[in-house]
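Undergrad: Here you go, sequence then predicted model.
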Amino acid sequence: MTLYYRGRVLQTALLNTTVVKSERELDALGQREPLRFEIETRIYNSLGSLDERRRFDACMILNDTSAGRHAMTTAGTESAFIASLDVVKHQLATINQLLTEVAYNSKRYAKGIESAENSKLLCDLALEGHVLYRNLVADNIARSSAADDLLKSEYLQIVSARHDAVVPLEFVYEYKPPKQGAKVCKNARQALLDGHCPANCVPTDSPAEHVCPLGFWGLRKVIERHAHDPSLVHAGIVRYEHHDPLPGRNTLMLKGPSLLATSQQLPGASAKQLCKSVQTAWNGDVAAVGKWSEWKNTVKTKKPVLLVALPHADGEGTALSLEIGGDIIRSLDIDEHYVRLDPASPPPLVLLLGCDTANVATVNAYLSQVQVFRQAEAAIVLATVATVLAKDAATVAEKLVDRLAATAKNSPNRIGEVLRQVKREAVAESLMMALCLVAFGDADWKLN
């Protein structure tokens with residue numbers, strides 16, 4: 001299949017794919033053959049706004065091959081290549097373990113970007129991330145110009161068309177691997193704030209004398225992510241996006257009412273402090289809800305522009321559920337009534353942090369909720385590729401909300417650049433959980 005997206009031709013790994021434009025076409029398709037399809041990704045219903053949009057330098061499609069192997073298809077300006085994700089399974093697993101360690105010991109990593117703990121963390125991540133770089137990028141440069149496009153890209157789109165967890169490609173490390181016991185570069189904090197390393201500071205020898213946070217893609221590139229529908233189990237349908245940013249309708253509000261919901265596992269004092277911070281940062285009333293019926297009514301009456309949710313997730317498949325204030329809802333029951341009921345109102349920004357008291361829930365249980373909120377009309381869903389300990393969840397959310405609002409107010413850039421800067425500044429301040437932050441949705445939205 002050939003997919004035209006934002007003016008680029010992308011050779012994808014989506015096989016036997018049917019494209020539909022309306023629910024009527026879906027119904028007709030179902031009458032001709034058993035309706036056993038899944039929404040794998042979304043494409044835009046209009047090409048009229050292409051001039052208003054950024055051009056991605058490269059696109060990566062994560063999917064299974066016809067032989068059932070996990071693969072990454074990368075498309076650049078003039079070519080494409082396929083690389084196996086099976087060869088980096090160990091690295092991906094190790095990165096997830098390291099991120100879980102950060103999530104459950106956040107105070108240990110809050111002692112400064114150049115602390116011994118952060119030096120070891122970043123070195124460990126860099127070693128695994130450099131293996132990703134070699135296998136997924138460097139090994140393919142000689143045979144495809146798309147690999148070179150990927151290496152040089154600043155704007156990268158990642159589409160996940162598989163059922164398993166998000167592949168943490170934000171941790172690809174393209175600098176030279178650090179030596180054992182290497183320290184964080186002395187210029188790291190300023191480089192993060194500036195957005196680039198001094199020319200004479202980039203490591204050229206292997207092993208490198210130091211590790212640099214800006215060697216990681218997640219702090220280096222603007223990354224736009226899209227994910228498949230986790231509630232269905234059969235592959236095949238690509239649907240047209242119907243809540244994408246268009247000229248005259250491309251701004252998310254930095255002022256207005258917000259909704260806050262937290263798990264009963266979160267201490268009450270932490271929830272109250274978070275509520276105050278959201279109100280200050282977003283310049284509007286905050287409705288703190290403890291039941292899903294209250295959540296639904298708030299969306300209907302107040303039309304919140306920001307949804308901050310720190311729920312506890314449980315189950316899998318059709319049994320996936322979310323808990324707030326002790327009240328549980330099936331994820332399948334979350335629709336536009338819980339996110340954006342009025343199509344005329346701006347779509348909200350959603351901050352979705354998994355909240356856990358112990359290592360009980362899986363990362364999949366949280367990340368599987370992302371597309372539920374995207375389908376219900378959320379413009380952007382911010383999530384983490386690691387669960388957050390309940391006692392730390394409010395602190396992490398508070399800092400992210402504050403930083404997001406402050407950065408957006410001082411920047412005319414779109415949300416992709418704003419989020420990248422938020423992550424850089426948070427890591428510079430030793431909030432290492434920001435490394436785990438990923439965004440799903442269109443990076444072209446603006447904040448105002």
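TA: Everything's here; your move. Numbers count the residues shown, from 1 in each chain.

Undergrad: what about Pro267, how many residues close to it?
TA: 13 (other Cβ atoms under 10 Å). Heads up, the C-betas are built off the backbone N, CA and C, glycines and all.

Undergrad: just checking, it touches Lys391?
TA: Yes. Using Cβ atoms under 8 Å, Pro267 makes contact with Lys391 at a distance of 6.5 Å.

Undergrad: Tell me where the stretch 301-448 of the chain has helices.
TA: Using DSSP state H, counting those that start in this stretch, the helices of the stretch 301-448 of the chain run over 363-367, 370-375, 390-409, 415-428.

Undergrad: Ala146: which of those is closest?
TA: helix 415-428 (20.9 Å; Cβ to Cβ).

Undergrad: quick one: the closest one to chain centroid distance?
TA: Distance of helix 415-428 from its chain centroid, counting by Cα atoms, centre = their mean, to the nearest Å, is 13 Å.

Undergrad: Touching that helix from outside, list them.
TA: 54, 113, 155, 188-189, 192-193, 195, 213-214, 218-219, 221-224, 252, 380, 382, 399-400, 403-404, 407-408, 411, 413, 433-435, 437, 439, 443-447 (Cβ atoms under 8 Å, 6 or more residues apart in numbering).

Undergrad: per-residue confidence averaged over it?
TA: For helix 415-428, mean pLDDT rounds to 92.

Undergrad: Could you pull out the buried residues of that helix?
TA: 415-428 (16 or more other Cβ atoms under 10 Å).

Undergrad: With stretch 102-122 instead?
TA: Buried, per 16+ other Cβ under 10 Å, within stretch 102-122: 102-104, 106, 109-110, 113-115, 117-122.

Undergrad: What are the boundaries of the helices in the stretch 151-300 of the chain?
TA: Using DSSP H, counting those that start in this stretch, helices in the stretch 151-300 of the chain cover 188-194, 217-220, 268-282, 292-302.

Undergrad: quick one, which of these is packed in tightest?
TA: helix 217-220 (a mean of 24; mean count of other Cβ atoms under 10 Å).

Undergrad: which helices and strands does that helix pack with?
TA: helix 415-428 (3 or more Cβ pairs under 8 Å, 6 or more residues apart in numbering; DSSP states H and E).

Undergrad: So, low pLDDT: which residues of the protein?
TA: 1-54, 162-165, 228-249, 356-366 (pLDDT under 70).

Undergrad: got the phi/psi numbers for Gly68?
TA: Reported as degrees, to the nearest 10, the phi and psi values for Gly68 are phi 80, psi 10.

Undergrad: and what of the one 10 residues further on?
TA: Backbone geometry at Glu78, expressed as degrees, to the nearest 10, gives phi -130, psi -10.

Undergrad: my guess is it meets Ser145, correct?
TA: Yes. In this structure, Glu78 is within contact of Ser145 by Cβ under 8 Å, at 5.7 Å.

Undergrad: Spit out the contact partners of Met60.
TA: Here Met60 is in contact with 72-75, 150, 156-159, 169 (criterion: Cβ under 8 Å, 6+ apart).

Undergrad: actually Asp124, sorry about that
TA: 94, 98.

Undergrad: Can you select the buried ones from the contacts of helix 415-428 in PyMOL?
TA: Buried members of the contacts of helix 415-428, defined by 16+ other Cβ under 10 Å, are picked up in PyMOL with:
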select buried, resi 54+113+155+188+189+192+213+214+218+219+221+222+223+224+252+380+382+399+400+403+404+407+408+413+433+434+435+437+439+443+444+445+446+447
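
Undergrad: before we move on, the earlier item: for Lys276, find the nearest of the helices of the stretch 301-448 of the chain.
TA: Closest among the helices of the stretch 301-448 of the chain, using Cβ to Cβ: helix 390-409, at 8.8 Å.

Undergrad: Can you spell out which helices and strands pack onto that closest one?
TA: By 3+ Cβ pairs under 8 Å, 6+ apart, helix 390-409 packs against helix 268-282, strand 306-310, strand 349-352, strand 355-356, helix 415-428.

Undergrad: quick one, which of these is nearest to Leu132?
TA: helix 415-428 (18.3 Å).

Undergrad: any idea of the angle the closest one forms with helix 390-409?
TA: 130 degrees (axes from the mean of the first three to the mean of the last three Cα atoms, to 10 degrees).

Undergrad: hang on, the earlier thing: what two of the buried residues of stretch 102-122 are the furthest from one another?
TA: Across these, the longest distance by Cβ to Cβ is 22.5 Å; it joins Tyr104 and Glu114.

Undergrad: Closest one of the buried residues of helix 415-428 to Asp64?
TA: Gly416 (27.7 Å).

Undergrad: Now do the closest residue to Gly218 other than its chain neighbours against Met432, distance only.
TA: Closest residue to Gly218 apart from its sequence neighbours, by Cβ to Cβ, 6 or more residues apart in numbering: Glu170 at 2.9 Å. Using Cβ to Cβ, to the nearest Å, we find Glu170 at a distance of 13 Å from Met432.
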